[in-house]
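Enquirer: One predicted model, sequence on top.
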Amino acid sequence: GQQLNQSPQSMFIQEGEDVSMNCTSSSIFNTWLWYKQEPGEGPVLLIALYKAGELTSNGRLTAQFGITRKDSFLNISASIPSDVGIYFCAAHYGGSQGNLIFGKGTKLSVKP
Amino acid sequence: GAGVSQSPSNKVTEKGKDVELRCDPISGHTALYWYRQRLGQGLEFLIYFQGNSAPDKSGLPSDRFSAERTGESVSTLTIQRTQQEDSAVYLCASSLFQYNEQFFGPGTRLTVL
């Protein structure tokens, strides 16, 4: 079945460092989304990408929709302690009614 | 304004018992989704409602799982004869229409002993 391969699985970084994570798939998607989940909460949408090649920023976050439509990356610049959480990529898969397929997540830890 | 709410926040049950999990979506949202999140995993789609109808039940893992939605509002996910592998966080999300941004509730953490 369709699957999103997200890496890295976890990251331990120093405050102020930049972070990069990505998602790949063997399937083509029309939308890529990036969510952040904090303990005890549901995921919150960070960035949505709707067009191949699209590069979108939201503050210190930048995400790109790969040209092949099979991948996406998320960058976080100048990380701060409140960036801690689990970041998920997600995509709308073909034939769905809007439901999403998710990657397994990247757990980010930031040392002050 | 009020977001998506779910109850209970935590549920511990014994194997073989039935459980009901409730989701209150954002008022006016026509689409409602249930997902399951196992420890350390991503979210796994279970079922989608458009209004009170469920056009996509493809993610329900077995016939022990069922869901309904009434009044184009609250939804209940029922798990019958719970098994230990059902232990997970069950998340509900709603969106204004399908393909719009999904807003998630905080989830119900289910533990089956």
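Expert: Received, thanks.

Enquirer: B:T70 is in contact with B:F49, correct?
Expert: No: B:F49 is not in contact with B:T70 according to Cβ atoms under 8 Å; the separation is 10.2 Å. For the C-beta atoms, the positions are set from N, CA and C on the backbone; glycine is no exception.

Enquirer: out of these two, which sits in the busier spot?
Expert: It is B:F49, of B:F49 and B:T70, that has more neighbours when counted by other Cβ atoms under 10 Å in any protein chain shown, with 24 against 9.

Enquirer: Just list whatever residues bridge to the more buried one.
Expert: B:L32 (DSSP bridges).

Enquirer: for B:T108, same thing?
Expert: B:T108 forms beta bridges with B:Y90, as assigned by DSSP bridges.

Enquirer: Repeat that for A:V110.
Expert: For A:V110, the beta-bridge partners under DSSP bridges are A:I13.

Enquirer: Distance check, it against A:C89.
Expert: For A:V110, the distance to A:C89 under the criterion Cβ to Cβ, to the nearest Å works out to 20 Å.

Enquirer: Comparing those two, which residue is more hemmed in?
Expert: Set A:V110 next to A:C89 and count neighbours by other Cβ under 10 Å: A:C89 wins out with 31 against 20.

Enquirer: If the more buried one is in a bridge, with which residues?
Expert: Going by DSSP bridges, A:C89 is paired in beta bridges with A:W34.

Enquirer: isn't it right next to A:T31, touching?
Expert: No: applying Cβ under 8 Å, one finds A:C89 not in contact with A:T31, separated by 11.0 Å.

Enquirer: Neighbours of the residue lying closest to B:L96 once chain neighbours are set aside, how many?
Expert: Computed as Cβ to Cβ, 6 or more residues apart in numbering or on different chains, the closest residue to B:L96 that is not its neighbour in sequence is B:H29, at 5.5 Å. Residue neighbour count, defined by other Cβ under 10 Å, stands at 18 for B:H29.

Enquirer: for A:P39, same thing?
Expert: A:P39: 7 surrounding residues under other Cβ under 10 Å.
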